[in-house]
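**Student:** sequence? don't have it. structure:
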DNA sequence: GAACCGATTGCCT
DNA sequence: GGCAATCGGTTCG
């Protein structure tokens, strides 16, 4: 499987990315599970600190509103989580274990408090900048994991609530994947398990392999 | 105002 | 494979 041509051979000066192509708010204003699946193959772009970083989204997780015990919105409404309760198409950034920022995309009508966690991306542009931010060699784990992804793209808590339709942070349409795998969300302990983790089948940039049972699905 | 928890990661054994 | 690091928000006293 070759790299999708989403960011190749463009007259744009940034190696092919173009904020004019950013997904409209209507894309996000849908069911959180649908958005989570449709984001696979799309191009995440950030222009932060003078560095352009872009990568294909290869893994996502859907988190519902108050009805989803695993969601931050289940028992919280104020603070950073307030972004989840806001309008769709905006970023919800939280700090995992006080260490790593994690980037979510708010979905559904305002007040739904649902969001999609971006768990992994396949670096396409700005690998050097990603590696520098990660403090790692430009190898294969630059953005494979929610914390790694956010750090690689320069995302911090200050980006919480930021609209995702214009610089410095936006998402462009990409090539829909041939096969999508499904599995239980990672690290979730509360409530009944939901198969709301989605990934591009057998993609090398996945944060972790999917359970065999999901591969057959 | 203090204690506790968490949608993680990297380093240690 | 196991566990410490680290911080914002919520909960409890």
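**Tutor:** Arrived safely. Here the structure is a predicted model, which is why all the values come from computation and not from measurement.

**Student:** up against DNA strand C, what does chain A have?
**Tutor:** Neighbours of DNA strand C within chain A, by CB under 7 Å from any atom of the strand: A:75, A:76, A:77, A:78, A:79, A:80, A:81, A:95, A:97, A:98, A:99, A:157. Quick note: C-beta positions are derived from backbone N, CA and C, even for glycine.

**Student:** from the residues you listed, which land in strands?
**Tutor:** When DSSP state E defines the strands, the subset of the residues of chain A next to DNA strand C inside them is residue A:95.

**Student:** scan the residues of chain A next to DNA strand C and report the most crowded one.
**Tutor:** Counting by other CB atoms under 10 Å, residue A:81 has the largest number of neighbours within those, with 19 neighbours.

**Student:** that one and residue A:94, how far apart?
**Tutor:** From residue A:81 across to residue A:94, the span is 7 Å (CB to CB, to the nearest Å).

**Student:** name the residues contacting each of these two.
**Tutor:** Shared contacts of residue A:81 and residue A:94 (CB atoms under 8 Å, 6 or more residues apart in numbering): residue A:72.

**Student:** what's the nearest residue to residue A:211 if we skip its chain neighbours?
**Tutor:** With CB to CB, 6 or more residues apart in numbering as the criterion, residue A:211 has its nearest non-adjacent residue at 5.1 Å, and that residue is residue A:183.

**Student:** same check on residue A:82?
**Tutor:** If you skip the residues right next to it in sequence, residue A:82 has residue A:161 as its closest partner in space, 7.7 Å away by CB to CB, 6+ apart.
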